[in-house]
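Q: Structure, please.
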Amino acid sequence: MAIKPLIILPDPVLRLVSKPLERVDEDVRKLADDMLETMYDAPGIGLAAIQVGLPLRMLVIDLSKEGEEKEPFVIINPKILESSSERSVYEEGCLSIPDYYAEVERPAEVTVSYLDRDGKEQEIQADGLMATCLQHEIDHLDGVLFIDHISRLKREMVVRKFKKLAKDQPLVG
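A: Numbering: from 1, shown residues only. Alright, predicted model coming up:
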């Protein structure tokens, strides 16, 4: 397993629409393991493949708390089948937008179909943090960031800050 470098705003890669995986094989499982290791190292609770520079419809989630047994989910080619009309608000953050958090309103419940790490079709009905996390990570696969769900003024301030930080970073290599 290997920790992969995270793509950080304002990198335009984050705006790419990810492509479905054609099959689930050993390479995909290795990528899933690398993504989980990267997410745990960050630390975070979710990570989409695009956040490590791969425009593939794949994400990993683990909502277990520190000290609890890990409960990793590998979710390939997810599709939101249903969203509730009821809404909920969570303070969201993102590994690709470090140290910035904002309240985001999303459907309170979702039903998602996906392939697991063995390529088997699965369906999950989720509410609470899992519903929010699924929607946040699936948004990444469509080139959407959580800051797209906040006011334009706040979003522009965040983007400006990260553009300035990127400009001030010395080039490595």
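Q: What residues of stretch 13-24 count as buried?
A: By neighbour count with 16 or more other C-beta atoms under 10 Å, stretch 13-24 contains the buried residues 14, 16, 18, 21, 24. Placement of C-beta: from N, CA and C, glycine included.
Q: Name the residues that touch it?
A: The set of residues that contact stretch 13-24 without belonging to it, under C-beta atoms under 8 Å, 6 or more residues apart in numbering, is 7, 28, 48-51, 53-58, 76-77, 96, 115, 117-119, 140-143, 145.
Q: For stretch 67-85, measure first residue to last.
A: Distance between the two ends of stretch 67-85: 35 Å, counting by C-alpha to C-alpha, to the nearest Å.
Q: Distance from the chain centre to that stretch, please.
A: In terms of C-alpha atoms, centre = their mean, to the nearest Å, the centre of stretch 67-85 is found 11 Å from the chain centre.
Q: just stretch 86-104 next, same as before
A: Per C-alpha atoms, centre = their mean, the displacement of stretch 86-104 from the mean C-alpha position of its chain is 11 Å.
Q: now the strands: where do they sit in the protein?
A: Shown for the chain, the strands assigned by DSSP state E span residues 46-48, 58-61, 73-83, 87-94, 97-107, 109-115, 121-127.
Q: Quickly note the distance from the spatially most central residue of the chain to Tyr101.
A: Nearest to the centroid of the C-alpha atoms of the chain, with distances taken as C-alpha atoms, centre = their mean, sits Glu137, at 3.1 Å. For Glu137, the distance to Tyr101 (C-beta to C-beta, to the nearest Å) stands at 16 Å.
Q: Tally up the residues packed near the residue lying closest to Tyr101 once chain neighbours are set aside, please.
A: Take Tyr101 and drop its neighbours on the chain: the residue closest to it by C-beta to C-beta, 6 or more residues apart in numbering is Gly93, 4.5 Å away. As a burial measure, the neighbour count of Gly93 was computed by other C-beta atoms under 10 Å and equals 16.
Q: residue contacts, Gly93?
A: 99-101, 146.
Q: by contact count, what packs against the lowest-mean-pLDDT helix or strand in the chain?
A: Comparing every helix and strand of the chain by mean pLDDT, DSSP states H and E singles out helix 152-168 as the least confident one, with a mean of 93. Counting by 3 or more C-beta pairs under 8 Å, 6 or more residues apart in numbering; DSSP states H and E, the packing neighbours recorded for helix 152-168 are strand 97-107.
Q: Quick one: closest of the strands of the chain to Leu36.
A: With C-beta to C-beta, the closest approach to Leu36 among those belongs to strand 58-61: 5.1 Å.
Q: Residues contacting the closest one, please?
A: So strand 58-61 is contacted by 18, 21, 28, 31-32, 35-36, 39, 45-49, 72-78, 130, 133-134, 137-138, 140-141 (C-beta under 8 Å, 6+ apart).
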